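Enquirer: Need a 3D model of the following:
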Amino acid sequence: MKRELIKYVLEREDYGAEVTVAGWVRTRRDSKGGFSFIELNDGSTLTGLQIIADGDLPNYESDVLRLSIGSAVRVTGILTESPAKGQRVEIKATEVEPFGLADPETYPLQKKRVSFEHLREIAHLRPRTNTIGAVARVRNALSYATHQFYQDRGFLYLHTPIITTSDAEGAGEMFRVTTLDPGSPPRAENGAVDYAQDFFGVPTFLTVSGQLNAEAYALAFDRVYTFGPTFRAENSNTRRHLAEFWMVEPEIAFADLNDNADLAEDYVKYLIRYVLEHNTTDIEFFNKWVDETLVDTLTGVAESDFERITYTQAIDLLEKADESFEFPVAWGDDLQSEHERYLTEQVIKKPVIVTDFPFDFKAFYMRRNDDDKTVAAMDVLVPQIGEIVGGSQREERLDVLADSMRIKGMDEDHYWWYLDLRRFGSVPHAGFGLGLERVVQFATGMQNIRDVIPFPRSPRNAEF
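Expert: Numbering: from 1, shown residues only. The predicted model follows:
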């Protein structure tokens with residue numbers, strides 16, 4: 001018989017039907033009446049399915065009574081209306097087939113609370129917990145909703161390179177990719193490593209962004225988006241940073257900063273509405289056990305018109321604040337997380353799109369404004385998290401882009417193809433990046449970004 005996911009079985013009402021399910025045991029309770037209650041979960045939903053295993057099953061003594069937490073089992077039985085409180089259906093087993101037992105003495109996920117820190121040490125088993133399982137389902141829903149959002153709007157899904165020679169952000173925090181022997185690399189006459197003998201013949205790295213490649217395709221397909229892994233060799237051991245994370249990067253041609261902001265606002269709202277509608281049980285779980293303000297916060301974002309202010313206005317608001325910030329506020333300095341949260345939670349009290357940042361600390365590709373001090377950049381800020389989207393209108397003017405590259409110390413020859421996009425049919429265009437993990441954090445209320453990606457990569461942590 002075809003096996004059915006538990007989430008679908010829980011919705012059925014055709015009592016008396018025969019069903020087959022499989023999963024992992026969460027609990028087993030034995031009754032003096034000669035039968036056992038087994039809670040089975042297959043990850044498809046937060047809620048487990050109760051199995052009634054009667055003592056007259058032929059393998060009751062030999063198999064059923066050996067099932068402990070973590071054991072894998074397949075059950076066939078009759079769908080029955082449950083008399084117990086909090087559940088509508090249960091299965092009266094006619095066949096119980098164990099696959100793999102879990103030693104109750106050594107299985108690390110017993111019926112007790114375990115810290116998130118400890119769960120990171122057993123990342124291969126933590127998806128079997130309620131919290132990490134719910135995180136995984138929300139992450140899946142946000143990924144699906146991302147594709148649905150852009151596909152419905154005519155965007156082309158684009159696969160950009162993971163191995164690159166370009167530092168899209170100009171920050172230099174990149175992981176090197178090489179086949180050279182690190183103990184004895186070939187040397188040029190000046191003593192430097194001779195990358196001409198490397199696999200690609202030039203220094204190569206893991207990408208920090210697919211944006212530059214996406215721009216090339218946006219200038220042929222009007223609108224594109226990338227969705228893939230990106231990497232930052234930033235030595236930050238914080239709850240907000242990862243060395244490997246997933247980015248969604250749309251790029252739109254014939255568009256300015258306002259078009260970009262409109263798209264970002266629509267996208268963020270779409271994601272939040274989607275999980276509120278499709279992951280109700282998981283969101284309610286997080287609201288109960290992780291952040292009791294979560295549903296109100298998410299609903300507020302989904303229903304708000306995002307406020308739009310300039311960076312200069314934001315600095316003015318922060319300088320007037322009766323607040324002792326850890327990082328000082330001054331025009332010309334980037335906004336910190338505490339500043340972003342203060343704006344969204346204390347001053348404006350809803351999501352904010354901050355625009356027109358100083359040229360000095362923004363990337364070379366951002367369009368210079370007429371004041372020659374700021375660029376047409378934007379950050380989308382939400383409560384609890386701060387920045388969730390960063391983007392800009394791109395510099396479409398060849399002479400201005402070349403000048404910005406010189407000021408930022410970029411090698412124009414290295415980016416010859418990027419400059420070509422301004423020589424041949426250049427148009428105003430814009431785009432942004434959204435870190436999936438930041439959105440998962442926001443949608444779940446989870447405090448540490450390492451708990452919203454299956455196998456986190458951070459400084460000195462690449463296990464699993």
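
Enquirer: list the contacts for Gly448?
Expert: To be clear, residue 448 is Asn; Gly isn't right here. Counting by Cβ atoms under 8 Å, 6 or more residues apart in numbering, Asn448 touches 116, 239. Using the backbone N, CA and C atoms, a C-beta is placed for each residue, glycine as well.

Enquirer: And it, its phi and psi?
Expert: Asn448 adopts backbone torsions of phi -110, psi 130, taken as degrees, to the nearest 10.

Enquirer: and it, how far is that from Arg120?
Expert: Distance of Asn448 to Arg120, given as Cβ to Cβ, to the nearest Å: 9 Å.

Enquirer: Helix or strand: which one has the closest residue to Arg137 other than its chain neighbours?
Expert: The shortest distance from Arg137 to any non-neighbouring residue, by Cβ to Cβ, 6 or more residues apart in numbering, is to Asp282 (5.4 Å). Per DSSP states H and E: Asp282 is located in helix 280-289.

Enquirer: same for that helix, what does it pack against?
Expert: Under the contact criterion of 3 or more Cβ pairs under 8 Å, 6 or more residues apart in numbering; DSSP states H and E, helix 280-289 touches helix 130-152, helix 257-278, helix 294-303, helix 436-444.

Enquirer: which parts of that helix are buried?
Expert: 282-283, 285-287 (16 or more other Cβ atoms under 10 Å).

Enquirer: residue ranges for the helices of this structure, please.
Expert: 6-9, 116-121, 130-152, 211-221, 257-278, 280-289, 294-303, 311-319, 337-342, 398-407, 416-423, 436-444 (DSSP state H).

Enquirer: which outside residues touch whichever strand in the chain runs longest?
Expert: Ranked by number of residues, the top strand in the chain under DSSP state E is strand 18-31. Residues outside strand 18-31 that contact it (Cβ under 8 Å, 6+ apart) are 1-6, 9, 12, 36-43, 48-49, 65, 67-79, 91, 94, 99, 102, 111, 128.

Enquirer: now that strand: how far from the chain's centre is it?
Expert: 32 Å (Cα atoms, centre = their mean, to the nearest Å).

Enquirer: Just checking: what are the partner strands of that strand?
Expert: strand 35-41 (antiparallel), strand 72-81 (antiparallel) (DSSP bridges).

Enquirer: ok, residues contacting the first one?
Expert: Around strand 35-41, the neighbours that count as contacts under Cβ under 8 Å, 6+ apart are 6, 21, 23-31, 47-55, 60, 64-65, 67, 73, 75, 128, 133.

Enquirer: again with the last one
Expert: Residues external to strand 72-81 that are found in contact with it (Cβ under 8 Å, 6+ apart): 1, 3, 9, 12, 14-25, 38, 40, 51-52, 67, 88-100.

Enquirer: re the thing from before, nearest to Val452 among the buried residues of helix 280-289?
Expert: When those are compared for distance to Val452 (Cβ to Cβ), Phe286 wins out at 11.2 Å.

Enquirer: and that closest one, what does it touch?
Expert: So Phe286 contacts 134, 294, 444-446 (Cβ under 8 Å, 6+ apart).

Enquirer: Turn the residues you listed into CSV, including distance to Tyr418, pLDDT and neighbour count.
Expert: CSV is the format used below for the contacts of Phe286 (distance: Cβ to Cβ, whole Å; pLDDT from 0 to 100; neighbours: other Cβ atoms under 10 Å):
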residue, distance to Tyr418, pLDDT, neighbour count
Ala134, 42, 98, 23
Leu294, 41, 97, 22
Thr444, 37, 98, 28
Gly445, 40, 97, 19
Met446, 37, 97, 24
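
Enquirer: Greatest separation within these: which pair is it?
Expert: Pairwise over the contacts of Phe286, using Cβ to Cβ, the maximum falls at Ala134 and Leu294, 11.8 Å.

Enquirer: Quick check: neighbours shared by these two?
Expert: Common neighbours of Ala134 and Leu294 (Cβ under 8 Å, 6+ apart) are 286, 444.

Enquirer: how many other residues sit next to Gln197?
Expert: 13 (other Cβ atoms under 10 Å).
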